[in-house]
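**Student:** Have a look; sequence and predicted model below, questions after that.
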Amino acid sequence: MQKEIQAERLAHPFGPLFDKRSRVLILGSFPSVKSREQQFFYGHPQNRFWPLIAALFGAAVPRTIPEKKALILDNGLALWDSIASCEIRGSSDASIRNAEPNDLRVILERCDIRQIYCNGKTSHALYRRWIEARIGREAQCLPSTSPANAAWSMERLLEAWAVILQGVRE
């Protein structure tokens, strides 16, 4: 019998990634267990985020955190999550309760973000509920890069995610 993972109240363990060149903001929901351990975005080795972003920009898949930071910043992107703190069981977005949103002004007041995209439905739902009215900007929902979203092949993800290229090239 598998032991049930208990929900725990957690605060986001690391800050956003952006610089003055950032034009497109990509929001996840809340860091997975692996991301929390690594203190960086999309830390689970089966998450397709890093291979996807590398493919979109014609780059090698980054392996180290410095390589991942360079891939994001050198291509006009910014990363963060919709949630500042929440109750969560392990890495399960479906278990998220009592979420508190991140204040995106820390990014929006420092760079020219032209478009905001959410990595998956949970991030987008949280954004719409807690953040959109506060900042007066809509976000577009992209299919999740999570391995749990097995219905989406890498080819389909690449096609859907190609919209981020417009925002960084305008």
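**Tutor:** Looks like it arrived, so ask away.
**Student:** so what does the strand or helix carrying Arg156 touch, helix or strand wise?
**Tutor:** Here Arg156 sits within helix 154-161, counting by DSSP states H and E. On a contact count with 3 or more CB pairs under 8 Å, 6 or more residues apart in numbering; DSSP states H and E, helix 154-161 meets helix 49-56. Backbone N, C-alpha and C define where each C-beta goes, glycine included.
**Student:** what residues does the next helix or strand after the helix it packs on touch?
**Tutor:** Using DSSP H and E, the next helix or strand after helix 49-56 towards the C-terminus is helix 65-74. Identification of contacts with helix 65-74 by CB atoms under 8 Å, 6 or more residues apart in numbering yields 17-19, 21-22, 38, 40-41, 50, 53-54, 57, 59, 62, 78-79.
**Student:** Would you pull up how far the helix holding Arg156 lies from the middle of the chain?
**Tutor:** Computed by CA atoms, centre = their mean, to the nearest Å, the chain-centroid distance of helix 154-161 equals 16 Å.
**Student:** what is the rounded mean pLDDT of it?
**Tutor:** Mean per-residue pLDDT for helix 154-161: 97.
**Student:** got any ranges where this protein has weak pLDDT?
**Tutor:** Applying pLDDT under 70 to the chain flags residues 1-4, 170.
**Student:** Pro143 reaches Leu158, doesn't it?
**Tutor:** No - checked against CB atoms under 8 Å, the pair Pro143 and Leu158 is beyond contact range at 10.6 Å.
**Student:** what's the most centrally placed residue in the chain in contact with, if anything?
**Tutor:** In the chain, the C-alpha nearest the mean C-alpha coordinate belongs to Gly28, at 2.7 Å (CA atoms, centre = their mean). Gly28 is in contact with 41-42, 79-82, 118-120, 123, counting by CB under 8 Å, 6+ apart.
**Student:** That one bridge partners, please.
**Tutor:** Counting by DSSP bridges, Gly28 is bridged to Asp81.
**Student:** all strands of this protein, in order?
**Tutor:** For the chain, the strands defined by DSSP state E occupy 8-11, 24-28, 77-81, 83-88, 97-101, 115-119, 140-142.
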